[in-house]
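Trainee: Requesting a structural model of the entry that follows:
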Amino acid sequence: MSKLYFRYGAMNSGKTAALLQVAHNYEEKGMKVVVIKPSIDTKGDDKVTSRLGIERKVDVMLAPDEGIMEHMILDKPDAIIVDEAQFLTLDQVDELYAITKIYGVPVLAYGLRCDFQMKGFPGASRLLELADDIEELKTICRCGRKATQNIRLIDGEPTFEGSQVAIDGTANITYDSVCGECYLKLRRHHG
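Mentor: From the prediction side, this is the model:
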(Lines give C-alpha, C1' and ligand atoms only; values in the text may rest on other atoms or scores of the structure.)
Protein backbone atom coordinates (compact mmCIF):
# COMPACT_ATOMS: atom_id res chain seq x y z
CA MET A 1 0.00 0.00 0.00
CA SER A 2 1.28 3.45 -0.90
CA LYS A 3 1.84 6.09 1.72
CA LEU A 4 1.38 9.80 2.22
CA TYR A 5 4.72 11.18 3.44
CA PHE A 6 5.10 14.57 5.10
CA ARG A 7 8.61 15.98 5.32
CA TYR A 8 8.60 19.24 7.30
CA GLY A 9 11.24 21.55 8.64
CA ALA A 10 12.02 25.15 9.45
CA MET A 11 13.24 27.48 6.71
CA ASN A 12 16.60 26.47 5.24
CA SER A 13 16.31 22.83 6.33
CA GLY A 14 16.76 21.51 2.79
CA LYS A 15 13.14 20.59 2.04
CA THR A 16 13.24 21.66 -1.61
CA ALA A 17 16.70 20.19 -2.20
CA ALA A 18 15.44 16.85 -0.84
CA LEU A 19 12.33 17.10 -3.03
CA LEU A 20 14.43 17.74 -6.12
CA GLN A 21 16.67 14.77 -5.29
CA VAL A 22 13.64 12.48 -4.91
CA ALA A 23 12.19 13.66 -8.25
CA HIS A 24 15.55 13.08 -9.90
CA ASN A 25 15.82 9.57 -8.44
CA TYR A 26 12.40 8.57 -9.79
CA GLU A 27 13.06 10.06 -13.22
CA GLU A 28 16.53 8.52 -13.45
CA LYS A 29 14.80 5.13 -13.13
CA GLY A 30 12.46 6.02 -15.99
CA MET A 31 9.49 6.64 -13.71
CA LYS A 32 6.94 9.43 -14.08
CA VAL A 33 6.54 11.96 -11.29
CA VAL A 34 4.12 14.84 -11.01
CA VAL A 35 5.63 17.78 -9.14
CA ILE A 36 2.99 20.08 -7.68
CA LYS A 37 3.33 23.53 -6.16
CA PRO A 38 0.41 25.53 -4.75
CA SER A 39 -0.13 28.61 -6.90
CA ILE A 40 -0.18 30.86 -3.82
CA ASP A 41 3.62 30.38 -3.72
CA THR A 42 4.80 32.83 -6.38
CA LYS A 43 8.50 32.49 -5.50
CA GLY A 44 10.28 31.01 -8.49
CA ASP A 45 7.18 31.39 -10.68
CA ASP A 46 6.46 27.93 -12.13
CA LYS A 47 9.65 26.39 -10.74
CA VAL A 48 10.62 24.65 -7.54
CA THR A 49 13.78 26.47 -6.48
CA SER A 50 16.24 25.41 -3.81
CA ARG A 51 18.47 27.89 -2.02
CA LEU A 52 21.34 25.69 -3.23
CA GLY A 53 20.66 27.03 -6.71
CA ILE A 54 18.99 23.97 -8.24
CA GLU A 55 15.53 24.16 -9.72
CA ARG A 56 12.93 22.26 -11.71
CA LYS A 57 9.83 23.30 -13.57
CA VAL A 58 6.70 22.10 -11.80
CA ASP A 59 4.13 20.01 -13.60
CA VAL A 60 1.14 21.55 -11.83
CA MET A 61 0.62 24.98 -10.29
CA LEU A 62 -2.31 24.04 -8.05
CA ALA A 63 -4.96 26.68 -7.33
CA PRO A 64 -6.75 26.54 -3.95
CA ASP A 65 -10.04 25.54 -5.59
CA GLU A 66 -8.48 22.92 -7.87
CA GLY A 67 -8.48 19.16 -7.44
CA ILE A 68 -5.45 16.95 -7.94
CA MET A 69 -7.14 14.00 -9.65
CA GLU A 70 -7.76 15.94 -12.86
CA HIS A 71 -3.98 16.04 -13.36
CA MET A 72 -3.76 12.24 -13.20
CA ILE A 73 -6.57 11.31 -15.60
CA LEU A 74 -4.50 10.48 -18.68
CA ASP A 75 -1.37 8.98 -17.20
CA LYS A 76 -1.09 7.66 -13.64
CA PRO A 77 2.26 8.82 -12.20
CA ASP A 78 4.62 6.64 -10.20
CA ALA A 79 4.73 9.34 -7.51
CA ILE A 80 3.31 12.75 -6.68
CA ILE A 81 5.69 15.23 -5.06
CA VAL A 82 4.42 18.45 -3.49
CA ASP A 83 6.49 21.52 -2.60
CA GLU A 84 5.24 24.13 -0.11
CA ALA A 85 2.60 21.65 1.08
CA GLN A 86 1.61 23.93 3.96
CA PHE A 87 -0.34 25.97 1.38
CA LEU A 88 -2.58 23.05 0.38
CA THR A 89 -6.23 23.19 1.39
CA LEU A 90 -7.73 20.60 3.72
CA ASP A 91 -9.62 19.07 0.78
CA GLN A 92 -6.42 18.82 -1.26
CA VAL A 93 -4.62 16.99 1.56
CA ASP A 94 -7.59 14.65 1.94
CA GLU A 95 -7.46 14.01 -1.82
CA LEU A 96 -3.73 13.23 -1.70
CA TYR A 97 -4.37 10.74 1.10
CA ALA A 98 -7.13 9.09 -0.95
CA ILE A 99 -4.84 8.90 -4.00
CA THR A 100 -2.31 6.89 -1.99
CA LYS A 101 -4.94 4.43 -0.78
CA ILE A 102 -7.24 4.11 -3.80
CA TYR A 103 -4.76 4.42 -6.68
CA GLY A 104 -1.59 3.20 -4.98
CA VAL A 105 0.43 6.31 -5.87
CA PRO A 106 2.88 7.44 -3.18
CA VAL A 107 2.72 11.13 -2.29
CA LEU A 108 5.69 12.99 -0.82
CA ALA A 109 4.75 16.38 0.59
CA TYR A 110 7.37 18.89 1.74
CA GLY A 111 6.61 22.03 3.71
CA LEU A 112 6.60 24.10 6.85
CA ARG A 113 4.82 22.95 9.99
CA CYS A 114 4.03 26.42 11.31
CA ASP A 115 4.33 30.07 10.40
CA PHE A 116 6.36 32.98 11.81
CA GLN A 117 3.85 33.35 14.68
CA MET A 118 4.21 29.67 15.67
CA LYS A 119 0.74 28.90 14.28
CA GLY A 120 0.07 25.86 12.15
CA PHE A 121 -0.76 26.18 8.50
CA PRO A 122 -4.06 24.40 7.73
CA GLY A 123 -2.45 22.18 5.06
CA ALA A 124 0.45 21.22 7.35
CA SER A 125 -1.86 20.52 10.28
CA ARG A 126 -3.96 18.20 8.12
CA LEU A 127 -0.83 16.47 6.83
CA LEU A 128 0.29 15.88 10.41
CA GLU A 129 -3.11 14.28 11.06
CA LEU A 130 -3.19 12.04 7.97
CA ALA A 131 0.36 11.29 6.87
CA ASP A 132 1.46 7.68 7.13
CA ASP A 133 5.08 8.75 7.56
CA ILE A 134 6.26 12.04 9.10
CA GLU A 135 9.86 13.22 9.17
CA GLU A 136 11.41 16.41 10.43
CA LEU A 137 14.21 17.81 8.26
CA LYS A 138 16.59 19.58 10.57
CA THR A 139 18.61 22.78 10.42
CA ILE A 140 20.40 24.88 13.00
CA CYS A 141 19.88 28.24 14.62
CA ARG A 142 22.66 30.84 14.67
CA CYS A 143 23.23 29.90 18.33
CA GLY A 144 23.98 26.29 17.35
CA ARG A 145 20.79 24.67 18.64
CA LYS A 146 18.30 22.86 16.40
CA ALA A 147 16.08 25.42 14.64
CA THR A 148 12.38 24.63 14.93
CA GLN A 149 10.73 28.02 14.30
CA ASN A 150 10.61 30.58 11.51
CA ILE A 151 11.19 34.30 11.91
CA ARG A 152 9.85 36.81 9.39
CA LEU A 153 12.19 39.71 8.74
CA ILE A 154 11.20 42.96 7.07
CA ASP A 155 14.27 44.90 5.98
CA GLY A 156 16.28 42.59 8.25
CA GLU A 157 14.21 43.33 11.39
CA PRO A 158 12.10 40.60 13.05
CA THR A 159 8.34 41.09 12.91
CA PHE A 160 5.63 39.11 14.65
CA GLU A 161 2.57 40.71 13.06
CA GLY A 162 0.98 40.41 9.66
CA SER A 163 -0.85 37.92 7.51
CA GLN A 164 0.11 34.26 7.68
CA VAL A 165 1.29 34.19 4.07
CA ALA A 166 3.93 36.59 2.76
CA ILE A 167 6.23 35.08 0.17
CA ASP A 168 9.97 35.15 0.82
CA GLY A 169 11.76 37.72 -1.32
CA THR A 170 8.76 40.01 -1.85
CA ALA A 171 8.36 43.49 -0.31
CA ASN A 172 11.71 43.25 1.55
CA ILE A 173 10.49 40.12 3.36
CA THR A 174 12.87 37.30 4.20
CA TYR A 175 12.75 34.44 6.68
CA ASP A 176 15.22 32.79 8.99
CA SER A 177 15.09 29.64 11.08
CA VAL A 178 15.70 29.84 14.81
CA CYS A 179 15.48 27.66 17.91
CA GLY A 180 12.61 28.13 20.36
CA GLU A 181 14.76 30.02 22.86
CA CYS A 182 15.99 32.55 20.27
CA TYR A 183 12.46 32.93 18.89
CA LEU A 184 11.11 33.86 22.31
CA LYS A 185 14.01 36.26 22.99
CA LEU A 186 13.46 38.01 19.66
CA ARG A 187 9.71 38.23 20.24
CA ARG A 188 10.26 39.80 23.68
CA HIS A 189 12.61 42.42 22.20
CA HIS A 190 10.79 43.10 18.92
CA GLY A 191 7.20 41.98 19.53
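Trainee: and the spatially closest residue to Asn172 that is not a sequence neighbour, how many neighbours?
Mentor: Distances taken as CB to CB, 6 or more residues apart in numbering put Asp155 closest to Asn172, at 4.9 Å, once the chain neighbours are dropped. C-beta here means a position set from N, CA and C on the backbone, and glycine is covered the same way. Using other CB atoms under 10 Å, Asp155 has 9 other residues around it.
Trainee: how far away is Asp155 from Ala131?
Mentor: Distance of Asp155 to Ala131, given as CB to CB, to the nearest Å: 36 Å.
Trainee: Tell me which residues touch Glu70, please.
Mentor: If you count contacts by CB atoms under 8 Å, 6 or more residues apart in numbering, Glu70 has none.
Trainee: same thing but 10 Å
Mentor: Val60 (CB atoms under 10 Å, 6 or more residues apart in numbering).
Trainee: Could I get the pLDDT score of it?
Mentor: According to the prediction, Glu70 has pLDDT 77.
Trainee: Specify the local secondary structure of it.
Mentor: Secondary structure state of Glu70, per DSSP: H, G, I helix; E, B strand; the rest coil, is helix.
Trainee: domain parsing for this protein?
Mentor: 4-138, 146-190 (automatic domain parsing).
Trainee: least reliable of these going by mean pLDDT?
Mentor: Note on these: domain 146-190 shows the lowest mean pLDDT, a mean of 86.
Trainee: one step back: so of the domains of the chain, which one's packed in deepest?
Mentor: The highest average neighbour count among the domains of the chain, using mean count of other CB atoms under 10 Å, belongs to domain 4-138 at a mean of 18.
Trainee: just checking, Phe116 touches Leu153?
Mentor: Yes - Phe116 is within contact range of Leu153, at 9.1 Å (criterion: CB atoms under 10 Å).
Trainee: quick one: common contacting residues for those two?
Mentor: Common contacts of Phe116 and Leu153 (CB under 10 Å, 6+ apart): 159, 173, 175-176.
Trainee: Out of those residues, flag the one nearest to Arg187.
Mentor: Thr159 (10.0 Å; CB to CB).
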